[in-house]
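> the sequence and its predicted three-dimensional model are supplied below.
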Amino acid sequence: MAKRNPISHIEWRTRDPERLKTFYGAVFNWKFSEDMPGYTFVDMGGKDIGGGIMPIKPEDQMPTGYGGYINVDDLAEVEEKLIAAGGKVMMSKNEVPGQGYFSVCLDPDGSMIGLWQSLPKKERKAAKKAQKAAKKEAKAAKKAAKKAEKKAKKKDKKDKKQVAA
């Protein structure tokens with residue numbers, strides 16, 4: 001039997017993310033987080049499927065609406081099959097750093113189909129470790145800069161006292 005490709009993520013595409021957050025928060029008590037710049041994650045209270053709100057600009061050719069992301073092993077291979085079967089690729093192989101890649105497609109009726117290709121577990125772990133190290137390094141650099149700025153202000157203040165004397 002052929003491998004199944006489960007839906008792993010539901011995404012709403014909108015020109016007004018705040019309106020959707022207000023609506024779904026009020027109706028279903030869902031929670032939202034901005035863990036990635038320009039993208040809102042939706043906590044629907046379950047662990048089996050994730051959700052997100054993707055803002056789209058008026059000039060984007062993306063239709064508003066929502067659809068699911070289907071897990072695949074090879075985006076390029078599935079995109080080829082999709083086109084051959086009458087679908088259309090709107091956005092191809094966009095990276096979600098440290099997680100994987102996605103493509104946004106349309107079926108022959110114009111309904112959105114998201115494709116998701118995860119990075120291998122080993123690569124996801126390594127990327128997460130690198131992100132953590134980069135955060136730690138940035139924090140240390142910020143602390144060092146603050147310390148240097150404080151030291152420079154102190155020296156400037158001392159120099160002004162000497163000039164005044």
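It's in. Residues are numbered from 1 along each chain as shown.

> what about the helices in the chain?
In the chain, the helices defined using DSSP state H lie at 17-28, 75-84, 121-164.

> mind giving me JSON lines with these and columns for mean pLDDT?
Below are the helices of the chain laid out as JSON lines (pLDDT from 0 to 100):
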{"stretch": "helix 17-28", "mean pLDDT": "91"}
{"stretch": "helix 75-84", "mean pLDDT": "94"}
{"stretch": "helix 121-164", "mean pLDDT": "80"}
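
> got TSV for these, with distance to Thr40 too?
For the C-beta atoms, the positions are set from N, CA and C on the backbone; glycine is no exception. Converted to TSV, these look like this (distance: least, CB to CB, whole Å):
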stretch	distance to Thr40
helix 17-28	6
helix 75-84	24
helix 121-164	20
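
> quick check: which of those helices is nearest to Pro55?
Proximity to Pro55, assessed across the helices of the chain by CB to CB, is greatest for helix 17-28 (4.9 Å).

> buried ones in that closest one?
Going by neighbour count (16 or more other CB atoms under 10 Å), the buried part of helix 17-28 is 17, 20-21, 24.

> what's it packed up against?
strand 31-36, strand 39-43, strand 50-55 (3 or more CB pairs under 8 Å, 6 or more residues apart in numbering; DSSP states H and E).

> got the angle for that helix vs strand 50-55?
Relative orientation of helix 17-28 versus strand 50-55 (axes from the mean of the first three to the mean of the last three CA atoms, to 10 degrees): 150 degrees.

> name the residues that touch helix 17-28?
By CB atoms under 8 Å, 6 or more residues apart in numbering, the surrounding residues in contact with helix 17-28 are 12, 14, 30-32, 40, 42, 44, 53, 55.
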